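Enquirer: let me see the structure of the following:
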Amino acid sequence: MFYIHKLSPLLEHLRQEEKKGIAVCLWYTFPGFPLLSSLFEWKHIVYDCSDLWGEPISGKNNLLSYMRQRVIVKAENRIIKYAHSITCSSQYLHDQIKRRLMGEPKDVFTVENGVEYDVFAKSNLPCKEDVLQGREGTVLGFIGGIKPKLDFDMIAEAARMQPDWTFLFVGPDGTNGDPSFQHALKLPNVIWTGAVAPEEVPAYMKLIDVGMMPYKQSPYNQAVFPLKLYEFFSRNTGCWFKSSVNGKAKRE
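Expert: Have a look, this model is predicted:
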């Protein structure tokens, strides 16, 4: 309710655009600003559901995560109610949305993540071998946002068991100082490059023998369809999943 008065200039602008014959649509990619769906006569409302937003990304439940879940679920229910069509990035999310509709007829589609195949398959960028710090042997790699949904304790255990393997993490640290990530980085065969430019990702892909999807066992991760899966495949790189990742992704 607090943001409604701030939307007045936007709504007036949209009305002027509508008078010009422009179809004004609303596209949600996150269950925020739910009241916006009923403040304007939208030509079409789409809810693009890409995560199980109400579940904690770390997999840890507490009072704060419970309160957050209630707020998000209420907002999401309102968006689902007003949406004309809904897209989901995994079959798991599709099934969740269908259950919440309780038989109400509404267009719900599963649209999984894609890949710019040629960017990875035909990349001429030189391999970033220097980041391996002279290490040789098998390289297991994860590329993407490094977040609390990853099982760093498992990685640390695997790194201790296989000291000849290199566990490479490429991407920005979004763990908020997670001690389990910092602990894993103390091992000599666990390497983190930090954030890299998107156009440099194919060069790092060339280092990796086996792609990793080391997600924790959690409701949040059950809904995941990993963004990097097809990027690994476009490089003919095998990919290893934990059991929590979307079953269809694992089979394919």
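
Enquirer: ok, T175 - contacts?
Expert: Neighbour list for T175: 146-148, 181 [criterion: C-beta atoms under 8 Å, 6 or more residues apart in numbering]. (C-beta placed from N, C-alpha, C; glycine too.)

Enquirer: revised request: answer the last question for V46.
Expert: 25-28, 83-87.

Enquirer: same list (the residues you listed) but as JSON lines, adding distance to P219 and pLDDT.
Expert: Output for these, formatted as JSON lines (distance: C-beta to C-beta, whole Å; pLDDT from 0 to 100):
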{"residue": "C25", "distance to P219": "31", "pLDDT": "97"}
{"residue": "L26", "distance to P219": "28", "pLDDT": "97"}
{"residue": "W27", "distance to P219": "26", "pLDDT": "98"}
{"residue": "Y28", "distance to P219": "21", "pLDDT": "97"}
{"residue": "A83", "distance to P219": "22", "pLDDT": "97"}
{"residue": "H84", "distance to P219": "28", "pLDDT": "97"}
{"residue": "S85", "distance to P219": "25", "pLDDT": "98"}
{"residue": "I86", "distance to P219": "19", "pLDDT": "98"}
{"residue": "T87", "distance to P219": "20", "pLDDT": "97"}
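
Enquirer: quick one: which of those is nearest K19?
Expert: C25 (15.9 Å; C-beta to C-beta).

Enquirer: what about the closest residue to V201 other than its chain neighbours, how many neighbours?
Expert: Leaving aside its chain neighbours, V201 sits nearest to I143 (6.0 Å; criterion: C-beta to C-beta, 6 or more residues apart in numbering). By other C-beta atoms under 10 Å, 23 other residues sit near I143.

Enquirer: cool, Y215 as well?
Expert: 23.

Enquirer: ok, D51 next?
Expert: So D51, with other C-beta under 10 Å, has 19 neighbours.

Enquirer: ok, it - contacts?
Expert: 89, 93, 220, 223-224.

Enquirer: one more pass at 10 Å, please.
Expert: D51 is in contact with 29-31, 57, 88-90, 93, 220-221, 223-225, counting by C-beta atoms under 10 Å, 6 or more residues apart in numbering.

Enquirer: quickly note the distance from it to S38.
Expert: D51 sits 24 Å away from S38, going by C-beta to C-beta, to the nearest Å.

Enquirer: V201 too?
Expert: Applying C-beta to C-beta to V201 and S38 gives a distance of 40 Å.

Enquirer: between those two, which has more neighbouring residues?
Expert: Taking other C-beta under 10 Å, V201 and S38 do not tie; V201 has more neighbours (19 against 12).

Enquirer: pretty sure the more buried one contacts F142?
Expert: No - counting by C-beta atoms under 10 Å, V201 does not reach F142; the two are 11.9 Å apart.

Enquirer: between the two, which contacts overlap?
Expert: With C-beta under 10 Å, 6+ apart, V201 and F142 have common neighbours 170-171, 228.

Enquirer: any stretches of the stretch 1-150 of the chain with poor pLDDT?
Expert: Scanning the stretch 1-150 of the chain for pLDDT under 70 picks out 1-4.

Enquirer: and the helices in it?
Expert: 8-19, 63-82, 91-101, 117-121 (DSSP state H, counting those that start in this stretch).

Enquirer: so which of the ones you listed is the most packed in?
Expert: helix 91-101 (a mean of 17; mean count of other C-beta atoms under 10 Å).
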